[in-house]
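**Q** Okay, sequence plus prediction incoming.
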Amino acid sequence: MPASKHAAKKATLYGFKSCDMVRNAMKWLDANSVAYEFFDYRKDDLDAKVVDDWFARAGWEKVFNRNSTTFKELPESEKTDITEKKAKRMILAETNLIKRPVLDTGDQLLLGFKAATWAETLGK
């Protein structure tokens, strides 16, 4: 494999800029010189394959945010009997149901922002 294929992949931070946790994560990444691209899933459609990858790597239960205001405001019928398939459908229809932010380094998938966890995981 050519050396260029082994170059460090830039991390991708998923979220939206009006979220306090996303802004805190961006500040932390900048302060710790972690290169990243920002994917705003309120402006650009989130690919279903990305959600499938997150589910495979972290488990859908960790990606799906039952603590969000959006989830809490759903009708009771929507909040019950959630399966992986239903969670994916719900997330693709309403990205506020994703635990945020999501940082994908290629090797690691970090859900939610906790500075100490990110520092330990990213070696900062």
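**A** Great, that's in hand.
**Q** what about the strands in this protein?
**A** Along the chain, the segments classed as strands by DSSP state E run 11-15, 36-40, 102-104, 109-111.
**Q** highest average neighbour count across those strands?
**A** strand 102-104 (a mean of 23; mean count of other C-beta atoms under 10 Å). Placement of C-beta: from N, CA and C, glycine included.
**Q** Provide the strand pairings for it, with the direction of each partner.
**A** strand 11-15 (antiparallel), strand 109-111 (antiparallel) (DSSP bridges).
**Q** give me every residue that touches residue 48.
**A** By C-beta atoms under 8 Å, 6 or more residues apart in numbering, the residues touching residue 48 are 88, 92.
**Q** Tell me the spacing between it and residue 107.
**A** 22 Å (C-beta to C-beta, to the nearest Å).
**Q** picking that back up, how about the strands paired with strand 102-104 in JSON lines, adding distance to residue 77 and mean pLDDT?
**A** Listed next are the strands paired with strand 102-104 as JSON lines, based on distance: least, C-beta to C-beta, whole Å; pLDDT from 0 to 100:
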{"stretch": "strand 11-15", "distance to residue 77": "28", "mean pLDDT": "97"}
{"stretch": "strand 109-111", "distance to residue 77": "26", "mean pLDDT": "97"}
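**Q** CSV for those strands, including distance to residue 60?
**A** Shown next, in CSV, are the strands paired with strand 102-104 (distance: least, C-beta to C-beta, whole Å):
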stretch, distance to residue 60
strand 11-15, 16
strand 109-111, 11
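**Q** Between those, which one is closest to residue 95.
**A** Set against residue 95 and scored by C-beta to C-beta, these come closest in strand 11-15, at 8.7 Å.
**Q** residues near residue 97, how many?
**A** Other residues lying near residue 97 total 20 when counted by other C-beta atoms under 10 Å.
**Q** Give me the neighbour count for residue 105.
**A** Neighbour tally, residue 105, other C-beta under 10 Å: 17.
**Q** Nearest spatial neighbour of it, chain-adjacent residues omitted?
**A** residue 11 (4.4 Å; C-beta to C-beta, 6 or more residues apart in numbering).
**Q** do residue 50 as well
**A** Excluding the flanking residues, the one nearest residue 50 by C-beta to C-beta, 6+ apart is residue 14, at 7.8 Å.
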